[in-house]
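S.K.: Sequence and predicted structure are below.
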Amino acid sequence: MMTQQVPYPAPEFSLQDSSGNTHTLASYKGKWLILYFYPKDDTPGCTLEACSFRDSNELLLAKKAVVVGISRDNAKSHGEFASSYSLPFTLLSDTDHAVMDAYGAWGKKMFGKEGVLRKTFIINPEGQVVKVYGRVIPTGHARQVLADLEALQG
């Protein structure tokens, strides 16, 4: 996927959470959606990123924003990861990386291997991608997202 100019329509998705519930883009219509893609549950960088979103969750909710994380891990792994770190937001399984492909969050990594690219998208209540973060550095990422969300909301 080429880099698009924001705003643009967010790609549709339909994925399951750790309880087997299906989530779609339409499930979040009317809310701000912070959609973040990460490589693997319970790894150092991904845990740091998830915990930063956890620690900013109340502030994001106050801005009518919902955090959703997506990785290739299965439902059981997501359930254990969320439980271990008291993650208050939804984690979705994209085992075949179809949604990652649609969002441009799958591609070449170091040493030419393909995999999940750590990317975050802010999607407005109308379903438009209004901010894209490529090559996310987990430390302080949620604070940056919060600041940008405030700016976007005016």
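M.R.: Sure thing, it's come through. Numbers count the residues shown, from 1 in each chain.
S.K.: Of all the residues in the longest helix belonging to the chain, which ones are buried?
M.R.: The longest helix of the chain (DSSP state H) is helix 44-62. Under the neighbour-count criterion of 16 or more other C-beta atoms under 10 Å, helix 44-62 has 46-47, 49-50, 52-54, 56-57, 60 buried. Where C-beta positions appear, they are placed from N, C-alpha and C, glycine not excepted.
S.K.: helices and strands around the helix or strand just after it, which ones?
M.R.: Next along the chain after helix 44-62, taking DSSP states H and E as the criterion, comes strand 65-71. Helices and strands touching strand 65-71, by 3 or more C-beta pairs under 8 Å, 6 or more residues apart in numbering; DSSP states H and E, are strand 32-37, helix 44-62, strand 90-93.
S.K.: pLDDT below threshold where in the chain?
M.R.: 1-3 (pLDDT under 70).
S.K.: Please enumerate the helices of it.
M.R.: With helices called from DSSP H, the chain shows them at 44-62, 75-84, 98-103, 141-153.
S.K.: Let's have these in CSV, adding distance to Gly20.
M.R.: CSV is the format used below for those (distance: least, C-beta to C-beta, whole Å):
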stretch, distance to Gly20
helix 44-62, 21
helix 75-84, 7
helix 98-103, 17
helix 141-153, 27
